[in-house]
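Below are the sequence and a predicted model; questions follow.
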Amino acid sequence: MSVAQVGSTASLSSDIFYDILKRLDGPTLASAACACAAFSSISREERLWENVCASMWPSTNREDVKSLISSIGGFRKFYADCFPLIVNKEVPEFQWNDHIEYPEEWSEAEYYGDMDEFESISPSDFVSIVDIRYKDKTICSKVLWGIPNANGFNGWFENCPFRIDLLTYSPNDDHHEDECILSVSDGLPPISSMQRERKDGKLWCELHDGIRLSWIVVNRKIKQAANLSSWSPLGGQRHWPTDKDFLIRFGSVLPAKDVLPCRVAECILVMKFRVIHTEGDGVQTTLNLTELSMQLEDMEGAYVNGRNSLFVLKEALSCYRSKNYGEVLESCNQYSKVQNELKEEKIRIENRLDRLCILSGIAAFITFCYYLL
């Protein structure tokens with residue numbers, strides 16, 4: 001009886017190990033790489049990480065995005081940079097006698113930073129890779145090359161509030177290539193009317209708990225990337241600005257130590273859905289994604305201008321990140337706490353000034369009356 005020749009055990013084991021590893025998700029694959037030398041060697045295979053990234057971020061399946069990722073270090077590095085979320089542990093503690101100000105005596109160079117460094121940052125260097133999921137199903141993937149309407153630094157961009165509108169939808173538009181729809185077939189609960197939804201909030205709760213956003217920013221020049229989203233919502237508002245609208249907020253706290261006096265900035269990612277159909281007449285409950293945007297705010301709630309935003313984004317690409325979502329929430333909650341304390345203190349100061357003005361007016365009136373008598 002003849003026995004077929006079999007290749008080396010090492011070769012056979014490698015094939016089996018590769019087949020095992022290619023079925024794993026990112027965190028499990030990273031853990032498996034630490035299990036043994038064979039897994040560690042095989043886990044360096046770029047194809048494995050390409051599959052992981054495609055599963056996590058479907059927009060990386062595009063050929064132009066694949067070329068971009070390869071040019072900045074490969075899929076393994078891309079996953080290592082973008083899977084952990086940004087955590088800022090240097091949110092300044094609020095002091096009762098401390099008030100964040102933009103000193104008037106600052107020169108333009110001091111306020112805006114090194115002009116040569118600014119000239120080395122171009123809006124065209126940034127790429128946004130965005131994926132939206134609802135209950136583990138991808139509902140929207142978009143890639144934005146550069147920053148829209150930012151050509152030329154002598155125009156409005158450098159001094160006007162920074163904003164990226166990745167998706168804007170108007171029912172009056174004739175073409176809806178960017179239309180993104182969620183319905184009962186995607187897992188939404190059916191609602192009979194908006195009046196009913198306003199009472200029980202079932203649709204809002206399901207949407208808020210099930211929606212996920214990834215907004216990755218890549219700088220092609222410095223070959224770095226980071227995910228600026230919190231993945232899960234940080235907050236939201238239902239029935240705003242109209243009864244049929246749902247606003248969901250994601251974001252992160254970014255370091256701005258050498259850019260803004262408050263040393264931190266908040267990246268605010270806003271997603272807005274509108275109810276276009278409720279149950280009835282053979283139509284399912286349907287939501288339409290009408291807005292997806294990014295803005296940066298300082299501690300006082302003022303929008304950061306285009307010039308400073310480029311610095312903040314560049315600094316964010318090399319800041320600390322964590323796979324622990326609890327750390328991410330703690331960082332965001334600490335920022336909100338300090339911001340609320342600052343707002344409360346400003347209100348108290350304004351109230352004291354109002355009372356002082358009133359008392360001064362009364363004193364002046366009494367003095368005027370005294371001299372008349």
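All right, it came through fine.

Which pLDDT value does the model give residue 290?
Looking at residue 290, its pLDDT is 92.

name the element it belongs to?
strand 286-297 (DSSP states H and E).

Which positions in that strand come out as buried?
Neighbour-count burial for strand 286-297 flags 286, 287, 288, 289, 290, 291, 292, 294, 295, 296, 297 (criterion: 16 or more other Cβ atoms under 10 Å). Just so you know, the C-beta spots here come from the backbone N, C-alpha and C atoms, and that holds for glycine as well.

counting contacts, what elements does it pack onto?
Identification of packing neighbours for strand 286-297 by 3 or more Cβ pairs under 8 Å, 6 or more residues apart in numbering; DSSP states H and E yields strand 126-134, strand 137-145, strand 163-168, strand 181-183, strand 245-255, strand 264-277, helix 306-316.

what do you get if the cut-off is 6 Å, keeping everything else the same?
Here strand 286-297 touches strand 163-168, strand 181-183, strand 264-277, going by 3 or more Cβ pairs under 6 Å, 6 or more residues apart in numbering; DSSP states H and E.

Out of those, indicate the one that is most buried.
Scoring the helices and strands packed on strand 286-297 by mean neighbour count under mean count of other Cβ atoms under 10 Å gives strand 264-277 as the most buried, with a mean of 21.

what is the rounded mean pLDDT of that strand?
When pLDDT is averaged over strand 264-277, the result is 92.

Strand partners (parallel or antiparallel) of that strand?
Sheet pairing for strand 264-277, assigned by DSSP bridges, gives strand 245-255 (antiparallel), strand 286-297 (antiparallel).

just the angle between that strand and strand 126-134, please?
50 degrees (axes from the mean of the first three to the mean of the last three Cα atoms, to 10 degrees).

Distance check, the nearest residue to residue 166 once chain neighbours are set aside against residue 366.
Excluding the flanking residues, the one nearest residue 166 by Cβ to Cβ, 6 or more residues apart in numbering is residue 292, at 4.6 Å. From residue 292 across to residue 366, the span is 59 Å (Cβ to Cβ, to the nearest Å).

coming back round to it: ok, what's across the strand from the residue nearest to residue 166?
Applying DSSP bridges, one finds that residue 292 bridges with residue 167, residue 271.

do the same with residue 131
Assessed by DSSP bridges, residue 131 has beta-bridge partners residue 141, residue 214.

Isn't it up against residue 140?
No. Assessed by Cβ atoms under 6 Å, residue 131 is found out of contact with residue 140, at 7.3 Å.

From the contact counts, what lies against the one helix or strand residue 355 maps to?
Assigned by DSSP H and E, residue 355 falls within helix 325-372. Counting contacts by 3+ Cβ pairs under 6 Å, 6+ apart, helix 325-372 packs against strand 245-255.

buried residues in the strand it packs on?
Residues of strand 245-255 classed as buried by neighbour count (16+ other Cβ under 10 Å): 245, 246, 247, 248, 249, 250, 251, 252, 253, 254, 255.

Distance-wise, check the last one relative to residue 316.
Residue 255 sits 7 Å away from residue 316, taking Cβ to Cβ as the criterion.

before we move on, what about residue 219?
For residue 219, the distance to residue 316 - Cβ to Cβ - is 10 Å.

So these two - more neighbours on which side?
Set residue 219 next to residue 316 and count neighbours by other Cβ atoms under 10 Å: residue 316 wins out with 25 against 21.

Surely the residue nearest to residue 166 is in contact with residue 164?
No. Residue 292 is beyond contact range of residue 164, at 9.1 Å (criterion: Cβ under 6 Å).

got any residues that touch both of those two?
Counting by Cβ atoms under 6 Å, 6 or more residues apart in numbering, residue 292 and residue 164 have no common neighbour.

if we can go back for a sec, check contacts around the residue nearest to residue 166.
Here residue 292 is in contact with 166, 167, 271 (Cβ under 6 Å, 6+ apart).

Just put these in TSV and tack on distance to residue 59.
Shown next, in TSV, are these (distance: Cβ to Cβ, whole Å):
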residue	distance to residue 59
166	12
167	13
271	16
